[in-house]
Each structure stands twice: as structure tokens, then as C-alpha cells.
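J.: structure here, sequence nowhere to be found:
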């Protein structure tokens, strides 16, 4: 049996190791081979899942069947799971996706906590999590539970546990579900140290310690019918896992499996997994690896999805949608939380919308006809970088600015927008010098015109000319340019029409004055038509997927054909909204387009909506690119959503820090309410602002504590000085006053 487990372990490492080195530049440090412990499995499962389990158990030499992570990559089909019961709420594939949030009150303040739980339940929360860090909080939990029952609220409560096994045992008497963090439940405070395991015995001794500490909670939860979440966080992996696997998605999966094996050994199966990270790319990859491992081993435990420390406002919603939505559209996820730096009841609306998107996709079996995907590797992130436009002799404008190497933004501009002069320039992110536009770090790269101004509209055309002169591309449908020719424009033509009229050199007839062309695809093209794209002289391919066709699945198919054909044409995702509000654009756009960008598929975005002007569309596009870890145009904030451990007003402090440091592209700042969300959870941050004690702040550079115990009212200034000392500070630019009158 040991040999079988050894082969499993070695295969897991070979398929998963290095999965995130492209994102982190880290190499996992190898330790000794671990020894897994298998238990019996009970519960309702599908015949397919049972067959996989039997194959995995029967043939150790055939440890890896398919290497799949979801039911179908061409269609949204929910991954079959067992049902886990948290009180009266079922979690699993046979039930609606469960929505949850977390309180921000001091748990010891029973009245305020009860009031907040009721607000969350009234807003639609199916589960509410409460932090339980000590004996006093655990004692308060029984009173909280009783008062909620008294007021007619039976919403199940989840205890959030870090560091404290004895507290978990205590609160299991009161709450319906326990969340444990494998990174610190048995290992204590976070340490960033490398452990060299000379032989298996030292590593095994640590696993035995975990089993000794964790088993009493497993036995109690089994006895009382409590549920459990084994919730790994990317930033709080144990020193043992870091030493063996590195700071990788694979390490996150193994961290959870160490605890799952103990549950299974004790015939306890009422648990779910989670793999949270503040980086959506890491988060998505970790969940896919986790799901793939479950398929291999015949496990069928539900998944709790979430992007941790997503932030607030549109940024937080977009980042959450990119991570959660991408997984839901693959049929993964049974309960979700949108972690925002806002009051918890405000998390429920975006959470509900994402759950709705996921359920609708599964119920409709959203997708395309079956095809065999051959090139996308879910175990290893690699960004596809499309070819950038080149300058040619005789060009009257610089076409190299059409696209940006780190991710492009194309902004829809209407005929009315073209009348607005300096306001249009500002909306497009240009800086003004004596009223003339110049591209800046967050300027749109190109604009898209549904309609071209009439040849007699001199005012609109001079604005377009000024934009072209500073390297901003102008795209318009070929038929519009034929009616109203525009010098140096880029004609947009369907792929089918381009192929029908193309010459041997890949060129096509262009309208008068047009200097380049782009092709548009609607997702219904044949394989031969997509292969024909490579032979065209197009500056980009615009994926404007037809209504009723699944954007995610159709685009995957096209990318797969392009990859097999070694076609490096740059791809821009064009998504159109009609009648949608800002939150809808963030959630749907983040799910559908972000779900492609997290695979490295896409070189830019074009968001079109008649309900919003160029500024909103541009900024939202940049938020999508930054959330997908492509192009940084502003400071990245990793901000925890607050909980009962938080030692300062997180929303107020985050807003204050953002207002003073938000102009630093390429700089990541973590704002953490307490040490639990401290150095580990700041894995992606350059600087950290962490609550160390009531009224006191600790500052970090990376994971290193550099200043301790700074008074609240001095901490923001101290953070700015720290950034200056590190050479990362630049003064905000002075914005030139507009010479145009402000509209009444």
C-alpha cells in the first residue's frame, strides 16, 4: 500500500509542481515523499463518480485517469458532488448554489452581532460566518445562536477558526459549521522559514501532530452532525507546505488534503473545500487543481468559492467575478462568498447575481457542440501574447499604438461623444497640454466607432485627427467607412467577408483612406475559417460573440484552433451590454471575459454600452485587465473584508490610504485588519498596513515587519514615507484645468 501512495504522491508532484511559477517566479523546495491515508467513502454519489473511485482504488499503477478538472470544457455542466448539510442548508450539486457572508462586528458584542446576522439573512444570505478567536467569543456564540432562534432566524452560523483547536471544539456546541485553516490550525503562527526534511520520518511526525490536534474536532463534528470547511488560503500556508511545495496552487491543494485524509480516516465526510487567494489567477488554478485531484481520487466533496481580500466597489466586484465566475461557468462551485471591504449585507447582491449566472449556465447547459480541446493546460499558467502592429513605410500615423503589449483597451465612442472636445480627451484618459491631448499611462489605446461622422462634420473629425496624431487608433465597421471615408482608420470586417475577398498576400480591399483592417469573429466560424485567419494581414481579431452563443466556450474553441495552427494574431474580446447597470457589467464581464483572461487567452478588451460614456467604459476595461493580472494602471489594493478581529475602521482607513496612494501603478498595498490576515495574506503586496493592537499599526515591506506599534493617526503618513524610502513613490501629477465651460 505504501508503494501505491508513493506513486500517487510522486505523480501529483510531477503534474502539479511549478503550476504558478510563471506568476510568482518561485521554485518549490522539495521535501520527502508524503504518505497519504485513505478512508472509506459514504454518501450519495453518481455512478460515474463511483466508477472513478473504484478505478483509482483498484489500480495503483493507473493512478491518473483523465486529468480532467470539470465535467466538460465545451459546456457548463455542474460537477457532481455529495450533499453536505450545514444545519438545515444543503450544499452540493443537487441543490442551488449557497450564498454566504461574514460579520464584521466584535463577536463579544452579542446584540450588534445578532443584529448584523439578521440584516445579512434578510438580504438573502443562506449562511453567515462569525469570527471566533478566543474563549470569550466562543462563550458569546451560544448566546448569539439562542437569540437568533428566539427572533425566528435559523440561518446556519459558521465559526471562523485560526490557531485555536480548543476554541473550535468549544464553539462546535453552538454553531452548525466550523471553518478551519489548514495553514495555522495545528501549526500556530505563520512562519516564513524553509525546512529541510532529511528523511520521511520528520515530515511524517508533523503529519501525526496534525492528526492528533485535528481528530478531536473531526470526532465532535461527526457526533453532533456539524459541517466543516477545510479552507486553504494562499497566503497562510504552513512552513511545512511552503518547504515542500513552495508558495504554489499545488501547495494549497496538498494543505487541504492533509486535513481531508484525517476526516476520511475517521469516516467523516460532511465537509467542503476552499482554495482562496487574493490573486484570481492563483485562485482559479488552485480550484481547478483541487477539482482534478478529486476526480482522480474519486472524491466528491463540494467547493466553496471566493477571492479573498478582493477590495471594495467595482474593483472588488470585478476581481471576484473573474475568479468565481470563471469557475462557475466550468460547473465548479456549490457555495460562494464575495469578500468586499464593505458592510456584509452588501456582499449578498453581487453574490446572488454570480450564483444566478452559475445556476442558469448549468440549467441551460450553456456551451457549444462537442470538440476536443488540445492546447489549454489548466495545470500551468502561460499567457498568450498576440503579435503587435508594425509600422510600415508610407504610414501617415503611428499604428503601433493600436494595441499595448501588456493588454489593450479599446473604448466605444459615440457621435455625441465626439462633440465634447477636451472632455472627450479626458474621458479617454489623455492628459492635456495647452488643450491638446497626449496619451498617458491609463489612456485608451484605440477607439471604436459604431458610426463614422459625416465627411462634413469638421469638428468631430478634427478631434479624431488629434487622437490619431498621438498614436490612438480609430476602428470602425468597413461599411461605415465606405459611406464616410476617414483617413488612417482601421476597417473592421467579418472573418468570412475578409476570407472571401482576400488576395494572396492576405490583404483585402479597404475603403478610401483606411490604412489597416481588423477581423471580427462571432463564435460560429468553422475550423477551416478560423485556420484562414493566419493568412490574413489583420492587425487584430475581435471576438464579438453572437447572442445565444456561449462566449467562454466558443472563444476557447477558437483559441484552441489558433494555437494548433500557430496563429499569433492579437485577440480583443468585445462584449456589449444593453440596459445593464455598472455592477452587472462588472459581474458578467468579469465572469465571461475574465474567465478567458485567467487562462492567458486575450490581448485586450472592448466593452460597449449605450448607457455609459467613454470614461466609465475605459476605466472598467482597465479594472478588468488589472484584475486579470495583465496591465497595471493604478495602485493594487489587497484589502481584507473585515471581521470581528479587525482592529480599526477598515473601510475608512482603506479609503484614506487609496486617496493618497492610488496613483502608483505597479505598487501593491495590503490593508489588513489584524495579524490573521497579515504577512501571509499579503502574498501579492509590496507594502502592508496591518492592525497590530488596538490603536496601533504595523508596517511591512513584503513579508518583513519593518515598523511596529505606530499610532493610528500617524500610520498613513508613515506608510507613504516607507514607500518613498523604498524608491517607489512618485508625486501625483497636476491636472491641467479645462478651458471649456462646465455644462450646467
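T.: Structure's in. What do you need? All figures in this text were calculated on a predicted structure; none of them were measured in a lab.
J.: and the helix or strand where residue 496 lies, what does it pack against?
T.: Residue 496 belongs to helix 495-501 when assigned by DSSP states H and E. Based on contacts counted as 3 or more CB pairs under 8 Å, 6 or more residues apart in numbering; DSSP states H and E, the elements that helix 495-501 packs against are strand 516-521, helix 527-532. Using the backbone N, CA and C atoms, a C-beta is placed for each residue, glycine as well.
J.: give me the below-cutoff pLDDT ranges for this protein.
T.: Residue ranges of the chain with pLDDT under 70: 1-66, 188-194, 197-198, 310, 640-648, 674-683, 734-744.
J.: switch the cut-off to 50
T.: Low-confidence segments of the chain (pLDDT under 50): 1-65, 677-678, 741-744.
J.: hang on, residue 359 in a helix?
T.: Yes. Per DSSP: H, G, I helix; E, B strand; the rest coil, residue 359 lies within a helix segment.
J.: please name the residues that touch it.
T.: Residue 359 is in contact with 96-97, counting by CB atoms under 8 Å, 6 or more residues apart in numbering.
J.: residue 345 versus that one, what's the distance?
T.: Distance, residue 359 to residue 345, using CB to CB, to the nearest Å: 21 Å.
J.: now residue 158
T.: 16 Å.
J.: neighbour count for the two, which is higher?
T.: residue 158 (27 against 19; other CB atoms under 10 Å).
J.: who does that one form a beta bridge with?
T.: Applying DSSP bridges to residue 158 gives these bridge partners: residue 129, residue 177.
J.: what residues are up against it?
T.: Going by CB under 8 Å, 6+ apart, residue 158 touches 86, 100, 127-130, 175-179, 229.
J.: any of those buried? List them.
T.: Neighbour-count burial (16 or more other CB atoms under 10 Å) applied to the contacts of residue 158 gives 86, 100, 127-130, 175-179, 229.
J.: okay, the residues you listed in JSON lines with distance to residue 488 next?
T.: Putting the buried ones among the contacts of residue 158 into JSON lines (distance: CB to CB, whole Å) gives the following:
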{"residue": "86", "distance to residue 488": "61"}
{"residue": "100", "distance to residue 488": "53"}
{"residue": "127", "distance to residue 488": "57"}
{"residue": "128", "distance to residue 488": "58"}
{"residue": "129", "distance to residue 488": "56"}
{"residue": "130", "distance to residue 488": "61"}
{"residue": "175", "distance to residue 488": "65"}
{"residue": "176", "distance to residue 488": "65"}
{"residue": "177", "distance to residue 488": "61"}
{"residue": "178", "distance to residue 488": "64"}
{"residue": "179", "distance to residue 488": "58"}
{"residue": "229", "distance to residue 488": "57"}
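J.: would you confirm that residue 231 belongs to a strand?
T.: Yes. The assignment for residue 231 is a strand, going by three-state DSSP.
J.: now the nearest residue to it once chain neighbours are set aside: how far from residue 253?
T.: Among residues not flanking residue 231 along the chain, residue 274 sits closest, at 4.3 Å (CB to CB, 6 or more residues apart in numbering). Shown here: residue 274 relative to residue 253, a distance of 11 Å by CB to CB.
J.: need the overlap of contacts for the two.
T.: Common neighbours of residue 274 and residue 253, using CB under 8 Å, 6+ apart, are residue 232.
J.: which residues touch residue 491?
T.: 475-478, 481, 510-511, 514, 516-518.
J.: again, but for residue 340
T.: The contact partners of residue 340, by CB under 8 Å, 6+ apart, come to 310-312, 316-317, 320, 346-347, 350, 641.
J.: for it, which non-adjacent residue is spatially closest?
T.: residue 316 (4.5 Å).
J.: now do the SS call for the one you found.
T.: Classification of residue 316 using three-state DSSP returns helix.
J.: let me see the contact set for it.
T.: Here residue 316 is in contact with 310, 338-342, 639 (CB under 8 Å, 6+ apart).
J.: what packs against the helix or strand harbouring residue 169?
T.: Element membership of residue 169 [criterion: DSSP H and E] is helix 165-171. Judged by 3+ CB pairs under 8 Å, 6+ apart, helix 165-171 is in contact with helix 135-150, strand 157-161, strand 177-180, helix 200-224.
J.: mind checking which of the ones you listed is nearest residue 459?
T.: Nearest to residue 459, of all these, is strand 157-161, at 59.2 Å by CB to CB.
J.: closest to residue 265 among the contacts of residue 340?
T.: Comparing these against residue 265 with CB to CB places residue 641 closest, at 33.8 Å.
J.: so the residue of the chain most remote from its centre, which of the three states?
T.: Distance to the chain centre peaks in the chain at residue 456, reaching 46.8 Å (criterion: CA atoms, centre = their mean). State at residue 456, reduced to three classes by three-state DSSP: coil.
J.: with that, I have no additional questions.
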